[in-house]
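Asker: Provided below are the primary sequence and the corresponding predicted coordinates.
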Amino acid sequence: MTERKSSYDYKLIVATTVVLGIISVICVSAMFYFKMAAIHHLEPTAQWAYQNMMNGIVAPFIVALILLLGICVPKRLLPTAWLHRFTGGLLLAAGLTILLAGLHAGLLLVLFASLALQAVVLVLALAGSAALNFETKNYWVRLGSSLVHLGLILFVLDLYYHRHHTLHLVLFWITTGSVVLGMLFCFYAEQVAALGRRLWVRE
């Protein structure tokens, strides 16, 4: 059972990494092409056409990332059997929302559900709860992973709200701080733990 769950986690990690990699390549390529083709010197209609074309290219991968996050986040809280039921229910609710209110609303439903669950995961990880389903028992790695996942969800939300300047900036900096801090905790867990012990002793 453990081996099966580990394989399941591994496949989710690989799928998420591949999708994020593709999104990164598309974004970087689009920026270089924008500069080389001097899109900013073209007529506004041509600029909008280029932006809409790139949005159309990246959209399927953003959708895939949202769905993967909808699976990755609850797996920290639920056993595999309940995870499948929850995922099915969430996709059903998203499908109904898409039919009634459009694709934008359906994807936002998945994102906000993932955000709410990830907030619970982060609080439990911060409290050191043993109820969470992680491959490791290391406190700092668990906390770091929770922060990175929170940052990924906020990153996608930031893509939705990039036209709202103030909200965009808030989401951008929270995303940046969450991911950077999470990476530090994940990759330098022993050093962070040692620093925490030294600070605790001084107090």
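Answerer: It's in.
Asker: so who does Leu159 touch?
Answerer: Ile62 (CB atoms under 8 Å, 6 or more residues apart in numbering). (Each C-beta comes from the backbone N, C-alpha and C, glycine too.)
Asker: i'd like the first residue to be 25 from this point on
Answerer: Happy to do that; since the first residue is 25 now, the last one works out to Leu183.
Asker: roughly how far apart are it and Ser53?
Answerer: Relative to Ser53, Leu183 is positioned 17 Å away (CB to CB, to the nearest Å).
Asker: and what of Leu167?
Answerer: Counting by CB to CB, the separation of Leu167 from Ser53 is 34 Å.
Asker: neighbour-wise, which of those two wins?
Answerer: Neighbour comparison, Leu167 and Ser53: the larger count goes to Leu167, with 21 against 12 (by other CB atoms under 10 Å).
Asker: Show me what secondary structure element comes after the strand or helix carrying that one.
Answerer: With secondary structure defined by DSSP states H and E, Leu167 is part of helix 163-184. Sequence order places helix 189-211 as the next helix or strand after helix 163-184, per DSSP H and E.
Asker: out of everything not next to it in sequence, what's closest to the spatially most central residue of the chain?
Answerer: The centroid of the chain falls nearest to Leu176 when counting by CA atoms, centre = their mean (2.4 Å). Using CB to CB, 6 or more residues apart in numbering and skipping residues adjacent in sequence, the residue nearest Leu176 is Leu93, 6.3 Å away.
Asker: That neighbour: which element?
Answerer: Of the helices and strands defined by DSSP H and E, Leu93 is found in helix 68-96.
Asker: May I see the buried residues of the helix or strand that that helix is followed by?
Answerer: Next in sequence after helix 68-96, counting helices and strands by DSSP H and E, comes helix 104-125. Counting neighbours by 16 or more other CB atoms under 10 Å, one finds that the buried residues in helix 104-125 are 107, 110-111, 114, 118, 121.
Asker: now helix 104-125 against helix 68-96, angle please.
Answerer: Between helix 104-125 and helix 68-96, the angle formed by their directions is 150 degrees, by axes from the mean of the first three to the mean of the last three CA atoms, to 10 degrees.
Asker: Would you mind pulling up the elements that helix 104-125 packs against?
Answerer: Contacts defined by 3 or more CB pairs under 8 Å, 6 or more residues apart in numbering; DSSP states H and E place helix 104-125 against helix 26-60, helix 68-96, helix 127-150.
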